[in-house]
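**Q** the following comprises the amino acid sequence and a computationally predicted model.
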Amino acid sequence: MLRPAVSSDNTRRSVSGLTHVAAVIGDPVRHSLSPTVFNAAFYAAEMDWVYLAFPVPEGSGAQAARMVRTFDIRGMSVTMPHKESVIPAMDELTPVAQRLNAVNCIANADGRLIGHNTDGAGFLASVRDCGFEPTGARCVVLGAGGAARAVILALAEAGAASVAVHNRDPGRGRIAVTLAGEGAVLVADDALVDAVSSADLVVNATPVGMSSGDGSALPEDALHSELFVADLIYHPSETPLLAAAERVGARHCNGAGMLMHQAAEAFRIITGRAAPVDAMAEAMTAALAKRAEEGPQG
Ligand SMILES: NC(=O)c1ccc[n+]([C@@H]2O[C@H](COP(=O)([O-])OP(=O)(O)OC[C@H]3O[C@@H](n4cnc5c(N)ncnc54)[C@H](OP(=O)(O)O)[C@@H]3O)[C@@H](O)[C@H]2O)c1
């Protein structure tokens, strides 16, 4: 039986000289959900580990990554703006991190620093959790930034039938498309509605819908009831795009599942143990609910 993910007073019993340390670096990082989610996981798995957040300014990512070895930190999550700049400090990159040129999780394997990227695996797990199978699916991805590139590569590797990419800056979009190999296409503005109308999956990997003044990332008449709509935004939990998906009867999910599953994958990589997914999901749901109460800036 799982222990409660978060006790009312603390998520762990004690810290000693034997306690293992894991951490996240970023700037900003104080609002990261990772410490809440990982500490809940360590508590549930009865592991003598603690997870901390270190604000590290831009330009110091590689130096901070090297400290993983110095301080015997067991694993480190990496968020903006360091996902690329930590790479020179790695002894090895996984093929996915290498293709994406971005690291979001560093494993410390007896002093060897291995750079992983768990965003794509997290995305696939989240849509599968919602009952959508990407293998064989015709997919449209909006965006060509770090999250979009992870999704494009993951969809191609999962055996999607096709991957079409639309991006505000077509030059950046063209580069992202190459991750999906032959058959992947860049979609022009005037072809987007047609591309979505014949798709099985559309993914919003842009921040459109995050701010209260934003409209939908896609016009509602482009959506249809056979579509699965995944928005990578998790705060707010319902973006204008997801509200439109609901109105047309399309299945949909927000980005909370991806966030949780990429953390679960990082837990497995860092600790070598199966992630207590229920406890992590419970902690994340509680933290996001608290944020929702605090409003858009929470
Ligand atoms: N759920 C999760 O676990 C998770 C993980 C990572 C990211 N995310 C979310 O995914 C989104 C993208 O993050 P990212 O890290 O990929 O950011 P990023 O690297 O900065 O890329 C942002 C992308 O969005 C596009 N974009 C930005 N503003 C836009 C606008 N007003 N209209 C149209 N396109 C616009 C950019 O287009 P240009 O190339 O033309 O600038 C670019 O393709 C964010 O909402 C983030 O919160 C979620």
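**A** It's in.
**Q** am I right that Val196 sits in a helix?
**A** Yes: membership of Val196 in a helix is supported by DSSP: H, G, I helix; E, B strand; the rest coil.
**Q** that one touches Leu223, doesn't it?
**A** Yes: Val196 is in contact with Leu223 according to C-beta atoms under 8 Å; the separation is 7.0 Å. Bear in mind the C-beta positions are built from the backbone N, C-alpha and C, glycine included.
**Q** joint contacts of these two?
**A** Counting by C-beta atoms under 8 Å, 6 or more residues apart in numbering, the residues touching both Val196 and Leu223 are Val202.
**Q** next, the contact list for Gly75, please.
**A** The neighbours of Gly75, taking C-beta under 8 Å, 6+ apart as the test, are Ala22, Val68, Cys105, Ile106, Ala107, Asn108, Ala266, Ile269, Ile270, Thr271.
**Q** so what's the residue count around the residue of the stretch 51-200 of the chain found nearest the ligand?
**A** For the stretch 51-200 of the chain and the ligand, the shortest gap (C-beta to the nearest ligand atom) falls at Gly145, measuring 1.8 Å. If you count neighbours by other C-beta atoms under 10 Å, Gly145 ends up with 14.
**Q** what's the pLDDT at it?
**A** Note on Gly145: pLDDT of 94.
**Q** got phi/psi on it?
**A** Main-chain dihedrals, Gly145, degrees, to the nearest 10: phi -80, psi -160.
**Q** and the closest residue to it other than its chain neighbours, what does it touch?
**A** Distance criterion C-beta to C-beta, 6 or more residues apart in numbering; nearest residue to Gly145, sequence neighbours excluded, is Ala205 at 6.8 Å. For Ala205, the contact set (C-beta under 8 Å, 6+ apart) comprises Val141, Leu142, Gly143, Gly145, Ala147, Ala148, Val151, Leu232.
**Q** on that earlier part again, from Leu153, how far off is the residue of the stretch 51-200 of the chain closest to the ligand?
**A** Distance from Gly145 to Leu153, counting by C-beta to C-beta, to the nearest Å: 13 Å.
**Q** list the contacts for Ala222?
**A** For Ala222, the contact set (C-beta under 8 Å, 6+ apart) comprises Leu192, Val193, Val196, Ser197.
**Q** what's the distance between it and Met284?
**A** Plainly put, Ala222 is 30 Å away from Met284 if you go by C-beta to C-beta.
**Q** care to break this structure down by domain?
**A** Under the assignment automatic domain parsing, the domains of the chain span 20-117+259-294, 121-254.
**Q** export those domains as CSV, with columns for distance to Ser14.
**A** As requested, these are exported to CSV (distance: least, C-beta to C-beta, whole Å):
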stretch, distance to Ser14
domain 20-117+259-294, 8
domain 121-254, 31
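**Q** for the nearest residue to Thr36 once chain neighbours are set aside, what is the enclosing helix or strand?
**A** Once flanking residues are discounted, Thr36 sits nearest to Ala287: 4.9 Å by C-beta to C-beta, 6+ apart. Using DSSP states H and E, Ala287 falls within helix 277-294.
**Q** the ligand contacts on the stretch 151-298 of the chain?
**A** 167-169, 172, 205-208, 210, 232-234, 255, 258-259, 262 (C-beta under 6 Å from any ligand atom).
**Q** what are the ranges of the helices in this structure?
**A** Taking DSSP state H, the helices of the chain run over residues 34-44, 61-70, 95-100, 119-129, 146-157, 170-177, 192-197, 240-248, 256-271, 277-294.
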